[in-house]
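Trainee: Quick one, fold the following:
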Amino acid sequence: MITARAAATFEPVGRSVAVARAFVRDTLHGWGFADVVDDAVVLTSELVTNAVIHAGTAADVQCLRYETAVRVEVADHHPDREVPLQGRGRAFRDTENEGGRGLQLCAALASRWGVEYTAAGKHVWFQLDLPERPAGTRSAGPLLPPAELPVADERVRVAVVQADRQGFITRWNDDAADLFGHTADDVLGKSLTDLTAWPQTPGTGIGLADALRLSRWEGTYGLRRADGRVVPVYGSHLRVRDSAGEPSTVCLLVRAEERAVLQSPTRGPAASDTGTGQRGRNTDAFEVFIGSPAPDDLDGLLQRTVERARDMLDGDAAYLLLATDDETELEVRASTGLPSARQRFARVPVEAGTGRYGSARMPAVHEDLTAVPGAVPLLSGTGMRSVVTVPLKVEGRLTGSIGVAAEAPGRYSNQEALRLQFAADRIALAVESARLTELERLRRGSLSFLVEASDLLAGTLERDQTLALMAQMTVPTLASWCAVYTIAEQSQSEPELAFVLHEDEDRIDGIKALLSQLRPPEPDPTPGARPWTAPSDAAHSSALRASLRSLGVGSSSGAGGRPASAPGIALATAAAVGGETVVLPLVARNRVIGMLTLGKPADERFRQEILELAEDLSRRAALALDNARLYSERTAISQALQRSLLPPELPRVPGVEVEVIYRAAGEGNEVGGDFYDLFPIRDGCWGFAIGDVCGTGPEAAAVTGLARHALRLLAREGFGGPAVLERLNAAILDEGARSRFLTLLYGELWPQHDGSAVLRMVCAGHPLPLRLRPDGSVEPAAEPQPLLGVMEDLELVEQTITLDPGDVLLCVTDGVTERREGTRMLGDDGLADVLATCTGLTAGAVAVRIQRAVERFASDAPSDDMAILAMRVPNLQPGA
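Mentor: Okay, the predicted model is just below:
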């Protein structure tokens with residue numbers, strides 16, 4: 001039964017794909033189906049792409065909610081497209097071919113899917129089943145001896161925080177103030193997201209804003225204390241509404257190690273109430289060790305595992321490491337009793353050697369670590385003396401390692417190693433299954449993330465905007481801060497710091513100042529992330545010097561006599577960049593064009609999966625950045641060449657007002673097929689020209705340059721109008737296949753002492769110049785003659801007119817007269833009607849009115865080049 005429905009239609013344009021993804025994502029999050037959002041977004045992206053890009057039709061998207069599933073339907077209006085069939089012995093078409101890829105993904109990700117054809121279009125649907133969620137009556141846990149009960153403080157503090165519809169804090173109890181150091185007055189009215197350190201790994205969970213909107217939510221995150229430290233907490237959220245119907249969210253929070261206080265058990269049979277405390281014969285050994293219910297997420301399972309391992313062997317600390325896919329390294333994923341923030345995601349090699357963790361593949365007992373320094377680097381500086389470690393193996397393959405440590409030496413023997421190994425064997429398969437589930441979710445989330453990133457990067461060719469997008473996509477999703485270095489020319493310039501971003505805007509200036517003082521990382525083209533310790537080292541040194549100065553020790557000025565930074569700023573910057581920092585090369589077209597630097601705050605490290613995702617993103621970003629660079633260079637070169645074809649500043653002609661308006665068609669074009677010129681020929685004589693080369697763009701601009709320079713040269717050699725144009729015609733024909741026909745109005749302007757002006761003109765195939773008299777009458781000022789660039793032998797005739805005071809001569813190109821909207825065209829008559837309204841206006845006002853009439857004639861922008869040349873002889877009579 002359908003319980004909810006949402007539908008939308010998307011136009012057949014490229015941006016519709018991103019809008020459709022956002023529609024599906026917002027819809028499913030609103031329904032509380034975060035578990036299937038990533039798969040749904042990826043499939044919707046492919047199917048809508050097929051509709052709006054490949055089929056070229058609008059796409060209808062409909063989301064249907066069922067009790068146990070969600071169904072998404074995508075329909076186009078192109079019924080003739082074929083389904084890529086997969087017969088026996090045949091594989092799908094090439095995976096690099098986008099056609100049919102959406103159906104392949106449906107087959108791989110969807111629970112059910114299908115294609116339906118109708119007379120109006122094609123209909124593709126897919127269904128994603130929802131994971132089972134515990135509901136109903138909670139079961140009782142088994143009777144446990146006191147030694148196996150969860151550990152908690154003598155007084156358990158449960159923080160009660162209430163957030164309104166927008167996520168602003170409205171309630172904050174005393175336990176919250178005790179746990180986090182913020183009083184109610186400090187936090188009421190602030191956004192809860194400002195205090196939380198929410199996991200930002202793509203595909204491994206939902207955001208805090210999403211969690212606050214769900215009816216129920218449980219999980220682990222961090223909450224910042226007043227002193228800046230992040231306290232791991234376990235939260236149970238419940239969405240409620242008041243008597244007025246206004247929703248809010250009540251959050252119950254305890255310290256992460258006391259999660260058992262709030263953690264809800266899953267549905268299951270009630271425990272035996274025999275009172276003996278003994279487990280039945282059929283009790284699962286995994287549940288015996290982990291407890292029931294088992295956490296349903298990997299982090300919760302690992303944390304429960306290390307806590308139970310520590311308690312089982314009465315240790316002071318415990319940790320769990322997971323192996324990488326190639327079994328060459330182990331990554332710390334959970335710990336208790338250790339500085340977990342510092343150790344989390346730290347990596348150590350598997351194989352034995354100096355300073356390496358050499359006991360990963362076999363159980364090992366170290367009775368006194370001081371006797372074998374470096375045997376377990378993870379415990380260096382922690383005060384632990386003895387440790388027992390055992391491997392986690394599945395089908396003979398190393399998947400991880402568990403260690404339990406104590407502060408006293410000689411605490412563990414082979415008997416404890418056997419007990420721990422027995423427990424490890426019971427949980428190894430469950431841990432590996434949870435790890436693979438998380439990895440699959442992460443990969444699917446990464447795919448959705450990369451699809452979105454590629455779409456954003458492809459949407460701009462502006463260099464600065466590309467740099468900003470690179471940073472915004474990595475922070476805070478992949479890292480806490482990032483910096484982008486660019487290299488203009490690999491052989492001649494050093495990397496330049498181009499962009500810096502931090503999740504806290506207040507930290508950006510401090511990080512930028514710190515990085516500006518450091519030598520940039522080397523532009524190594526080797527793929528992959530490499531560590532860079534310089535920012536962390538420099539930040540800690542600066543913080544130490546600032547602290548000493550605040551105590552009156554050392555100089556009060558920085559290097560070079562500059563004022564020293566305040567201790568608070570230096571300490572905040574050190575905390576912001578004090579964690580792991582990596583550098584990824586930006587390589588495009590076999591050249592290093594920059595580096596992407598990612599960093600974590602103090603005591604934090606990157607997950608290997610995040611580094612792999614960052615490497616994939618860096619490849620896409622590098623190509624987008626290089627495309628933006630090439631586009632900027634090409635545009636700069638084109639504009640420089642085009643500006644060289646434009647005439648210099650117009651000369652002042654005594655006794656005649658002259659105004660020119662020029663607009664070239666095409667993005668980035670400053671000059672095209674239309675052109676104009678006004679230049680002195682000799683004393684008392686000026687040449688003017690307005691012409692139109694066939695076509696637009698760079699090819700037409702080349703003939704434009706030839707025509708304009710030839711006119712000046714021939715006119716100053718003393719040739720009259722007909723001779724100038726006949727020789728220009730021969731030069732155009734000499735261009736051969738590159739030649740283009742040209743319409744041209746050329747003339748000589750002779751101002752007279754009586755205030756009039758004599759014009760001698762030749763109109764070679766060009767729109768006729770129009771003469772406006774003071775009484776408002778408009779008439780052609782020349783006769784049409786053959787255009788240039790077509791016939792070899794031309795016989796042109798020069799025509800002479802006199803402009804009296806108050807007369808206006810208007811010369812335009814066909815971009816004005818051929819302005820269209822549908823079947824309507826401005827034409828010569830329409831231009832004459834507009835000009836008739838310009839009596840008494842200056843030459844500049846006449847040109848502007850003609851331009852506005854052209855622009856307003858149609859709703860769309862002009863598609864042709866346009867040039868307007870207006871000349872007016874001022875009326876010298878009083879009152880003019």
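Trainee: mind listing the helices for the stretch 301-450 of the chain?
Mentor: Here the stretch 301-450 of the chain has its helices, by DSSP state H, counting those that start in this stretch, at 340-343, 414-458.
Trainee: can I assume D828 sits in a helix?
Mentor: Yes: assessed by DSSP: H, G, I helix; E, B strand; the rest coil, D828 belongs to a helix.
Trainee: And for it, the neighbour number?
Mentor: A total of 15 residues lie near D828 under the criterion other Cβ atoms under 10 Å. The way it works is simple: take the backbone N, C-alpha and C, and place the C-beta from them, glycine included.
Trainee: pLDDT averaged over the helix or strand where Y662 lies, what's the number?
Mentor: If you go by DSSP states H and E, Y662 is part of strand 657-663. If you average the pLDDT over strand 657-663, you get 91.
Trainee: Tell me which other helices or strands it touches.
Mentor: Other helices and strands packing on strand 657-663, by 3 or more Cβ pairs under 8 Å, 6 or more residues apart in numbering; DSSP states H and E, are strand 674-682, helix 843-857, strand 866-872.
Trainee: Deepest-packed of these, please.
Mentor: strand 866-872 (a mean of 25; mean count of other Cβ atoms under 10 Å).
Trainee: circling back to that earlier point, okay if I get the helices of the stretch 301-450 of the chain as a markdown table plus mean neighbour count?
Mentor: Conversion of those to a markdown table gives the following (neighbours: other Cβ atoms under 10 Å):
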| stretch | mean neighbour count |
| --- | --- |
| helix 340-343 | 18 |
| helix 414-458 | 18 |
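Trainee: Between these, which one is closest to E46.
Mentor: E46 lies closest to helix 414-458 among the helices of the stretch 301-450 of the chain, at 8.9 Å (Cβ to Cβ).
Trainee: export the helices and strands packed on strand 657-663 to CSV and tack on distance to L772?
Mentor: Output for the helices and strands packed on strand 657-663, formatted as CSV (distance: least, Cβ to Cβ, whole Å):
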stretch, distance to L772
strand 674-682, 19
helix 843-857, 8
strand 866-872, 9
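Trainee: Return the residues in contact with Y676.
Mentor: Neighbouring residues of Y676 by Cβ atoms under 8 Å, 6 or more residues apart in numbering: 647, 660, 662, 688-691, 867, 869.
Trainee: which one of the residues you listed sits closest to A6?
Mentor: Using Cβ to Cβ, the contacts of Y676 come closest to A6 at Y662, 51.1 Å.
Trainee: burial of the closest one, as a residue count?
Mentor: Quick note: Y662 (other Cβ under 10 Å) scores 19 neighbours.
Trainee: isn't it right next to D674, touching?
Mentor: Yes: the pair Y662 / D674 is scored as a contact, 7.1 Å apart, by Cβ atoms under 8 Å.
Trainee: what sits in contact with each of the two?
Mentor: 866-867.
Trainee: thinking again about what came up before, worst mean pLDDT among the helices of the stretch 301-450 of the chain?
Mentor: When these are compared by mean pLDDT, helix 340-343 comes last with a mean of 50.
Trainee: Can you mark which positions in stretch 758-772 are buried?
Mentor: 759-772 (16 or more other Cβ atoms under 10 Å).
Trainee: Ok, stretch 36-50 next?
Mentor: For stretch 36-50, the neighbour count (16+ other Cβ under 10 Å) marks 36-50 as buried.
Trainee: from the middle of its chain, how far away would that stretch be?
Mentor: Put simply, stretch 36-50 sits 18 Å off its chain's centre (Cα atoms, centre = their mean, to the nearest Å).
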